[in-house]
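**Q** coordinates for the following, if possible.
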Amino acid sequence: MPLPSSLPLERLGEPFYVGSVQRLYPIPGDDSHMATETTSRGSVFDVGSIFEIPGSDVSRAVFRHVLYSRMADPGLWNAVRESIREAPGLDDSYRAMLLGETLDRLCQEGATTHHAGMIDAVTGQIVSHGLPQNPSAVNVVRRYRILKPEPIRILGRLCYDYSMMPGQDGYVVPLEFIVRFGMTSASSVLRKYVTLPESARRAFETELGVDGPLQAWKMLPRPVTDCTTKHEPEDRAVSIQEALTLSGLTGPEFARALESAALGAWAVRHLLEPTGLRLWDLKWEFAKDGDRMVFVDTIDTDSIRATLSLSWEGHPVAVHCNKQSMRDYYRIAHPEWINAVNQSKEAARCLGRNFTDVLREGREQGRFPETPVVPDAFLQLQARKLEIIRDCLLQKLSGETARRDLAETGLEELKYFDSLRKIGDFLRINDMT
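**A** Model prediction:
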């Protein structure tokens with residue numbers, strides 16, 4: 001049965017999946033699609049939804065709708081091609097790789113994504129092109145099978161068996177593909193890198209495909225695409241060789257997924273340029289559908305790392321316009337809670353348990369603090385940033401106005417940390433000198 005032209009929100013019924021930040025609903029009479037409702041709840045450090053940013057549900061859903069709709073348009077990819085050709089400081093061999101067969105196909109056909117449209121909040125119409133008159137927090141996407149690895153104990157160690165993946169079709173590849181244009185101080189790759197001895201750092205650089213030491217707040221001449229697992233208790237960084245093995249894809253299919261991830265990152269970078277934001281990294285997921293790698297899952301300000309550059313008392317400083325702002329808030333304002341999260345993760349890793357259960361038990365026993373409540377003033381700043389980005393993407397704001405409004409909001413965030421007498425802690429994380 002084809003996708004219906006309308007689906008009033010009141011007919012969605014009960015979700016078949018309730019996650020920390022979104023809900024999934026079946027579509028009556030259509031098993032090939034589903035409705036995805038973005039919530040205003042937020043999750044950091046894998047602990048589940050612990051804060052709520054007002055209006056972020058619609059802002060993030062609009063971001064997804066606009067991005068995926070434009071990715072289907074060959075015109076976007078032709079603009080991306082010009083952007084890559086003109087990008088200063090880009091490694092020539094990397095530039096040539098991007099300007100290859102995968103991009104040629106995108107320039108001719110557009111990208112294949114799982115996105116089918118957004119539901120109008122009043123009429124229920126499913127709008128595929130352009131924005132509904134009444135934007136909602138609900139998009140409609142194609143459904144693909146989720147194949148999860150089987151946990152298995154080997155000599156007492158917990159491992160995961162991916163042997164069912166090869167030969168499958170119509171499934172979501174069990175990986176997250178992360179594209180890094182550069183490293184912020186919060187980058188997990190950079191944090192791992194600085195703990196390595198000097199000899200191991202050289203090997204790590206080779207594995208990432210970079211030429212020279214990694215540094216915070218520096219753009220890479222050769223952006224990095226790497227992978228983490230998706231269905232293990234914690235996202236685990238894997239080498240490209242291991243990622244190929246557990247993906248279930250053939251070598252050429254996996255290579256196409258990596259190239260598509262890199263090109264998709266350039267598309268997001270191109271769309272964010274009018275706002276003045278600098279894109280540092282983002283993550284994609286793909287489904288295998290015949291010979292195509294299909295862009296799937298969520299892509300919004302929760303899954304990208306973008307910053308604006310400001311100055312505070314002569315210091316060039318980055319203010320995040322994504323979920324990293326919330327991570328920074330918890331680390332700066334509530335370090336004792338962060339310590340509890342880290343201790344729980346370490347204990348759970350040794351016990352082979354879910355760390356959120358260990359964290360909850362620690363709270364109940366009085367060993368760990370309660371989850372902090374984020375003040376409304378800070379949440380409103382995050383909501384404002386999302387609204388500005390959304391309105392610029394919708395061309396309701398000019399790039400100049402968006403840049404000015406984001407700068408004003410970012411300055412208010414700096415003043416907020418200053419009022420807590422924590423601006424020094426903020427600068428230690430986000431000073432770009």
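
**Q** ok, which stretches of the stretch 151-300 of the chain are strands?
**A** Assigned by DSSP state E, counting those that start in this stretch, the stretch 151-300 of the chain shows strands spanning 157-161, 171-172, 175-183, 218-229, 237-238, 278-289, 292-296.

**Q** and the third one, what does it pack against?
**A** Put plainly, it is strand 175-183. If contacts are counted by 3 or more Cβ pairs under 8 Å, 6 or more residues apart in numbering; DSSP states H and E, strand 175-183 sits against helix 188-194, strand 218-229, helix 240-247, helix 251-272, strand 278-289. All C-beta spots, glycine's among them, are computed from the backbone N, C-alpha and C.

**Q** can you show me the CA trace of the third one as PDB?
**A** Coordinates of each C-alpha in helix 240-247 appear next as PDB, following Å, rounded to 0.1, in the frame of the first residue of the first chain:
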ATOM      1  CA  ILE A 240      38.100   0.900   9.500                       C
ATOM      2  CA  GLN A 241      39.100  -2.800   9.000                       C
ATOM      3  CA  GLU A 242      36.900  -3.900  11.900                       C
ATOM      4  CA  ALA A 243      34.100  -1.700  10.800                       C
ATOM      5  CA  LEU A 244      34.100  -3.300   7.300                       C
ATOM      6  CA  THR A 245      34.100  -6.800   8.900                       C
ATOM      7  CA  LEU A 246      31.100  -6.200  11.200                       C
ATOM      8  CA  SER A 247      29.100  -4.000   8.800                       C
END
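
**Q** mind giving me TSV with the strands of the stretch 151-300 of the chain and columns for mean pLDDT?
**A** Shown next, in TSV, are these (pLDDT from 0 to 100):
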stretch	mean pLDDT
strand 157-161	92
strand 171-172	97
strand 175-183	95
strand 218-229	93
strand 237-238	92
strand 278-289	96
strand 292-296	96
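
**Q** closest one to residue 304 among the ones you listed?
**A** strand 278-289 (4.0 Å; Cβ to Cβ).

**Q** beta partners of the nearest residue to residue 272 once chain neighbours are set aside?
**A** Leaving aside its sequence neighbours, residue 272 sits nearest to residue 279 (Cβ to Cβ, 6 or more residues apart in numbering; 5.7 Å). Judged by DSSP bridges, the bridge partners of residue 279 are residue 306.

**Q** what's the neighbour count on residue 279?
**A** By the criterion of other Cβ atoms under 10 Å, residue 279 has 23 neighbours.

**Q** check residue 270 too.
**A** 18.

**Q** send me stretch 311-324 as CSV with only the CA atoms.
**A** Taking C-alpha atoms only, stretch 311-324 is exported to CSV below (Å, rounded to 0.1, in the frame of the first residue of the first chain):
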residue,chain,number,x,y,z
SER,A,311,35.7,36.9,22.1
TRP,A,312,35.7,37.2,25.9
GLU,A,313,38.2,39.6,27.5
GLY,A,314,40.5,39.2,24.5
HIS,A,315,40.2,35.4,24.4
PRO,A,316,38.9,33.8,21.2
VAL,A,317,36.3,31.4,22.5
ALA,A,318,34.0,28.8,20.9
VAL,A,319,30.3,28.7,21.9
HIS,A,320,28.5,25.5,20.9
CYS,A,321,25.3,25.6,19.0
ASN,A,322,24.4,22.0,19.6
LYS,A,323,24.2,19.4,22.4
GLN,A,324,27.8,20.1,23.4
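
**Q** that one: how far from the chain's middle?
**A** In this view, stretch 311-324 has its centroid 20 Å away from the chain centroid, taken as Cα atoms, centre = their mean, to the nearest Å.

**Q** got the buried residues for that stretch?
**A** 312, 317-324 (16 or more other Cβ atoms under 10 Å).

**Q** would TSV of those residues with pLDDT and distance to residue 299 be doable?
**A** Shown next, in TSV, are the buried residues of stretch 311-324 (pLDDT from 0 to 100; distance: Cβ to Cβ, whole Å):
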residue	pLDDT	distance to residue 299
312	96	31
317	97	27
318	97	21
319	97	21
320	96	17
321	94	15
322	89	12
323	91	13
324	93	16
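
**Q** which pair in the residues you listed spans the largest distance?
**A** Taking Cβ to Cβ, no two of the buried residues of stretch 311-324 sit farther apart than 312 and 323, at 21.7 Å.

**Q** list just the nearest of the buried residues of stretch 311-324 to residue 138.
**A** Nearest to residue 138 among those: residue 323, at 21.0 Å, using Cβ to Cβ.

**Q** quick check: bridge partners of residue 113?
**A** Here residue 113, judged by DSSP bridges, has bridge partners residue 295.

**Q** isn't it right up against residue 73?
**A** No: counting by Cβ atoms under 8 Å, residue 113 does not reach residue 73; the two are 11.1 Å apart.

**Q** these two: which has the busier surroundings?
**A** When residue 113 and residue 73 are compared for neighbours, residue 113 comes out ahead with 20 against 13, by other Cβ under 10 Å.

**Q** list the contacts of that one.
**A** Residue 113 makes contacts with 68, 71-72, 294-296, as judged by Cβ atoms under 8 Å, 6 or more residues apart in numbering.

**Q** again, 6 Å this time
**A** The contact partners of residue 113, taken as Cβ atoms under 6 Å, 6 or more residues apart in numbering, are 68, 71, 295.

**Q** also residue 276?
**A** So residue 276 contacts residue 403 (Cβ under 6 Å, 6+ apart).

**Q** check the gap between it and residue 49 for me.
**A** According to Cβ to Cβ, to the nearest Å, residue 276 stands 30 Å off from residue 49.

**Q** for residue 38, which of the strands of the stretch 151-300 of the chain is the nearest?
**A** strand 292-296 (15.1 Å).
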